[in-house]
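Novice: When you get a sec, could you give me coordinates for this:
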Amino acid sequence: MMRFTLPRDMYYGNGAVDVLKTIKGKKAIVVVGGGSMKRFGFLDKVVNNLKEAGIEVQLFEGVEPDPSVETVMKGAKAMQEFEPDLIVALGGGSPIDAAKAMWAFYEYPEVTFEDLITPFNFPELRQKAKFVAISSTSGTATEVTAFSVITDYHKGIKYPLADFNITPDIAIVDPELAKTMPPKLVAHTGMDALTHAIEAYVSTLHSPFTDPLAIKAIQMVNSDLVPSYNEDMNAREQMHYAQCLAGQAFSNALLGIVHSMAHKTGAAFSTGHIPHGCANAIYLPYVIKYNAKNCADRYAEIARSIGIHGTDKECVIGLCNRIDELNKSMDIPKTLKDFGIIEEEFKEKIAEISANAVADACTGSNPREITPEVMEKLFTCIYYGTEVDF
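Specialist: Numbers count the residues shown, from 1 in each chain. All right, here's what the predicted structure looks like:
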């Protein structure tokens, strides 16, 4: 038996955040990241709308990019003290992901982080609060997914937490918030959305319910991402919807090794963090070539949906070339070496990183199996930009 789960309600379109004026509740904690939501006036709008609904509001601010276990625990403590019946997460993937994990520890203080790492092992939520997610970036789609990514900086590992319990009750997809994104963020989040949709389409758990969502998202990203990057605000709005469609697809079909690899390299190197969407963008063409041994027909269907024609093999090559074009047009590097990862450090760490990537929760639904040794070979191709022919 399979399952398909989405938020109970989704509100979208310019001004959708005003639905908060009608929401029911007594106390809401608003979880937010850095200063951008405050700077552009969106935080005030959310708070004022909640107050207009007669709800007492408390803020939890300062969630960092790639939120840490420590931030999650701090937020859970704030919730335990305030006792909200609404958790409202505002911003990009980081505050929404953090708030999802905080939610579990708020309702079940005795649960450990190690308990939650096991996929689909969360306790039953909504005992104390419901969850509202308001996305400001066009990539993670965490406002509609059963996923959260939390980083253990002591281990240098990102952990994807997965459970249908953490699918938000209400998703607000208001493109006004996305219009403030700087170009680099548009590029990285857009390629994250494309990766979500492609991995969902070839996942071993894809279904007739997820395939249409994934294909439509791919078509929209293909046509709207670069114009959005170049500040076409109509395209920016369409990208905000495309990433949401991709999220609905992957939340139910799950992902693959592009994400496994991105999770385990994001915080692994001394040269600095590799943004999640940037890592996905770099890894995606190489992984397609690796996976195509098992599912060239699925990749060919994707390619044909965006106007690439030929045999299955030609379509796979064409799809990879199209991804390379997108990356190049948005100044995303082609290799880890180009990104700036030091060669000696790469060689020193890659065996452990590869083992961790194979153990990642996303690996199980990848269409082709992989061992740590083969993963290391794949990473080596990505570091130097060599051909994947195994």
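
Novice: Tell me the helix or strand right after the helix or strand that contains Asp115.
Specialist: Using DSSP states H and E, Asp115 sits in helix 113-117. Downstream of helix 113-117, the next assigned helix or strand under DSSP H and E is strand 130-135.

Novice: Let me see the mean pLDDT of that next one.
Specialist: For strand 130-135, mean pLDDT rounds to 98.

Novice: which strands and helices sit next to that strand?
Specialist: strand 86-91, helix 93-107, strand 170-173, helix 175-178 (3 or more Cβ pairs under 8 Å, 6 or more residues apart in numbering; DSSP states H and E). For every residue, glycine as well, the C-beta is placed using N, CA and C.

Novice: The same query, at a cut-off of 6 Å, please.
Specialist: Secondary-structure packing of strand 130-135 (3 or more Cβ pairs under 6 Å, 6 or more residues apart in numbering; DSSP states H and E): strand 86-91, strand 170-173.

Novice: Deepest-packed of the ones you listed, please.
Specialist: strand 86-91 (a mean of 28; mean count of other Cβ atoms under 10 Å).

Novice: Residues touching that one, excluding its own?
Specialist: Residues outside strand 86-91 that contact it (Cβ atoms under 6 Å, 6 or more residues apart in numbering) are 25, 28-33, 37, 46, 95-96, 99, 103, 129-134, 136.

Novice: again, but for stretch 348-368
Specialist: Against stretch 348-368 from outside (Cβ under 6 Å, 6+ apart): 119, 160, 162, 202-205, 254-257, 259-261, 263-264, 268, 291, 294-295, 372, 375-376, 379.

Novice: Buried residues, that stretch. List them.
Specialist: Neighbour counts over stretch 348-368 (16 or more other Cβ atoms under 10 Å) mark 349-350, 353-354, 356-358, 360-368 as buried.

Novice: What of stretch 187-201?
Specialist: For stretch 187-201, by 16+ other Cβ under 10 Å, it's 187-201.

Novice: Now that stretch: average pLDDT?
Specialist: 98.

Novice: rewinding a little: so which elements touch the helix holding Asp115?
Specialist: By 3+ Cβ pairs under 6 Å, 6+ apart, helix 113-117 packs against no helix or strand.

Novice: Offset the numbering so it begins at 117, please.
Specialist: Done: numbering now begins at 117, and the last item shifts to helix 229-233.

Novice: Return the distance of the longest helix along the chain from the chain's centre.
Specialist: Criterion DSSP state H: the longest helix present in the chain is helix 392-421. Centre-to-centre, helix 392-421 and its host chain are 17 Å apart (Cα atoms, centre = their mean, to the nearest Å).

Novice: Bridge partners for Ile273, pull those for me.
Specialist: Taking DSSP bridges, one obtains Asp268 as the residues bridged to Ile273.

Novice: The one 4 residues further on now?
Specialist: Judged by DSSP bridges, the bridge partners of Leu277 are Ser264.

Novice: chain center to stretch 154-163: distance?
Specialist: 23 Å.

Novice: Same question for that stretch: list its buried residues.
Specialist: Applying 16+ other Cβ under 10 Å to stretch 154-163 flags 154, 158-159, 161-163 as buried.

Novice: Return the subset of those lying in strands.
Specialist: Residues of the buried residues of stretch 154-163 located in strands (DSSP state E): none.

Novice: for this protein, what spans make up the strands?
Specialist: Under DSSP E, the chain gives strands at 125-128, 143-148, 172-176, 202-207, 246-251, 263-268, 273-278, 286-289.

Novice: Tell me which of those strands lies nearest to Tyr399.
Specialist: strand 273-278 (14.0 Å; Cβ to Cβ).

Novice: So what touches the closest one?
Specialist: Applying Cβ under 6 Å, 6+ apart, the set of residues contacting strand 273-278 is 232-233, 235, 262-267, 379, 382, 477.

Novice: average pLDDT across that strand?
Specialist: 84.

Novice: nearest residue to Pro459 other than its sequence neighbours?
Specialist: Check again: residue 459 is Glu, not Pro. Lys453 (6.9 Å; Cβ to Cβ, 6 or more residues apart in numbering).

Novice: from what I can see that neighbour touches Ile498, true?
Specialist: No: counting by Cβ atoms under 6 Å, Lys453 stays clear of Ile498, with 9.0 Å between them.

Novice: More neighbours: which of the two?
Specialist: For Lys453 versus Ile498, neighbours defined as other Cβ atoms under 10 Å are more numerous around Ile498 (25 against 15).
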